[in-house]
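S.K.: structure of the sequence below:
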Amino acid sequence: MYSFMGGGLFCAGVGNILLIVSTATDYWMQYRQSNNYMHQGLWRYCMPGKCFPHNDSIAHLDATRALMILSLLACFIGIIIGIMAFIHYSSFDRFDKTFAAGILFFISCLLVFLAMSVYTGVTMNYYGKRYGNWRFSWSYIIGWVSVVLTFFSGIFYLCAYRMHECPRSSNSH
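M.R.: Numbers count the residues shown, from 1 in each chain. Sure, this is the predicted structure:
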């Protein structure tokens, strides 16, 4: 049980760090315009030597930002509850902390998956038809990696919950 929770905490910790880096950095997409490489993230777009904030309220960026921030919060709260379960913190005995952490990690996974899907769909539809020389970049890629890590965090914690709730009986037939 503790190995599952330890693996879940490790995946969740790394996943949360990657969520922070992905959300905060400006390399979701790179493109070339007038022989200059430019890049953009959720908060700013950058030309050679200068970055500018996204001043317009662009719906897909707003949705992606909101979903990424909610995912960060769910993962962070899941980590706190997961640590409480790991050290057998006795407050809040009305609910199983292992199960709650697993569900929060799945919620975080779902939210970041939705954020990445919204960004992918709109970007492919808009830039794919208008510009030929663009590509997704490393901030975008680590966003997808965090989807996988938060998913496995949820799996590990629900396996730990399952082992705790249904221990094997010593009277095997």
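
S.K.: just the CA trace of stretch 109-120, in CSV.
M.R.: Presented in CSV, the C-alpha positions along stretch 109-120 are these (Å, rounded to 0.1, in the frame of the first residue of the first chain):
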residue,chain,number,x,y,z
CYS,A,109,-6.0,14.8,-15.0
LEU,A,110,-9.4,15.4,-16.6
LEU,A,111,-9.0,19.2,-16.3
VAL,A,112,-5.5,19.3,-17.8
PHE,A,113,-6.7,16.9,-20.6
LEU,A,114,-9.6,19.3,-21.4
ALA,A,115,-7.2,22.3,-21.4
MET,A,116,-4.8,20.5,-23.7
SER,A,117,-7.6,19.4,-26.0
VAL,A,118,-9.1,22.9,-26.3
TYR,A,119,-5.8,24.4,-27.1
THR,A,120,-4.9,21.6,-29.6
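
S.K.: give me the distance from that stretch to the chain's centre.
M.R.: With CA atoms, centre = their mean, to the nearest Å as the basis, stretch 109-120 stands 8 Å off its chain's centre.

S.K.: what is the helix or strand harbouring residue 157 packed up against?
M.R.: In this assignment (DSSP states H and E), residue 157 forms part of helix 138-165. Counting contacts by 3 or more CB pairs under 8 Å, 6 or more residues apart in numbering; DSSP states H and E, helix 138-165 is packed against helix 2-24, helix 59-86, helix 97-130. All C-beta spots, glycine's among them, are computed from the backbone N, C-alpha and C.

S.K.: redo those as TSV? Include mean neighbour count and mean pLDDT.
M.R.: As requested, the helices and strands packed on helix 138-165 are exported to TSV (neighbours: other CB atoms under 10 Å; pLDDT from 0 to 100):
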stretch	mean neighbour count	mean pLDDT
helix 2-24	20	92
helix 59-86	20	93
helix 97-130	19	90
